[in-house]
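[1] could you work out the structure for the sequence below:
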Amino acid sequence: MTSTYTNATLPADAGWFSRCESWLDSKGKGAWAAAIILGFIFFWPVGLALLFYVIWSKRMFSKSCGKGRHAHRRHHGFHGMKSSGNSAFDAYKEETLRRLQDEQENFEAFLERLRAAKDKSEFDQFMEDREARTRGNDDAEAPNLPA
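    Next up is the predicted model:
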């Protein structure tokens with residue numbers, strides 16, 4: 001399914017450049033990036049000109065490019081913390097989130113104990129190896145005395 005984009009703010013006599021710019025703005029930053037890449041592939045000066053234009057116009061660094069298309073995605077993450085209006089569901093959600101938080105804290109504590117045990121065993125192995133080397137050097141340096 002294809003959809004056409006018409007920008008009502010463009011004057012009737014808008015040129016092809018203004019129409020292309022408006023169309024790319026409606027598609028978002030990815031469209032600008034794709035246009036730059038294609039410009040470099042087909043004719044590098046076009047890609048370079050597009051890159052300079054995008055940087056100069058601050059399109060890649062502003063949040064206005066493609067604002068209408070993705071506005072619902074930005075605020076979607078905050079809906080999980082708002083009340084749904086159903087007190088039973090809100091109590092269930094709160095209890096579930098608390099339980100998950102407790103499980104996460106218990107798991108992190110388990111990982112910390114596991115890391116500490118691994119570090120201790122590695123250190124103990126290092127000390128045993130060091131002691132064995134020291135004993136080996138002492139035996140090599142000791143003169144052989146007749147019995």
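
[2] what about the helices in this structure?
    Taking DSSP state H, the helices of the chain run over residues 16-27, 29-42, 44-56, 67-76, 87-141.

[3] quick one: which of the ones you listed has the weakest pLDDT on average?
    The minimum mean pLDDT among the helices of the chain belongs to helix 67-76 (a mean of 45).

[4] mind putting the helices of the chain into a markdown table with mean neighbour count?
    C-beta here means a position set from N, CA and C on the backbone, and glycine is covered the same way. What follows is the helices of the chain, written out as a markdown table (neighbours: other Cβ atoms under 10 Å):
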| stretch | mean neighbour count |
| --- | --- |
| helix 16-27 | 14 |
| helix 29-42 | 15 |
| helix 44-56 | 14 |
| helix 67-76 | 10 |
| helix 87-141 | 10 |
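
[5] report pLDDT for P11.
    So P11 comes in at 62 (pLDDT).

[6] and Q101, how close does it get to G39?
    49 Å (Cβ to Cβ, to the nearest Å).

[7] next one: E94
    52 Å.

[8] G30 now?
    15 Å.

[9] repeat that for E103.
    51 Å.

[10] just G28 next, same as before
    As judged by Cβ to Cβ, G28 and G39 stand 17 Å apart.

[11] what does K120 give?
    For K120, the distance to G39 (Cβ to Cβ) stands at 59 Å.

[12] try G47
    3 Å.
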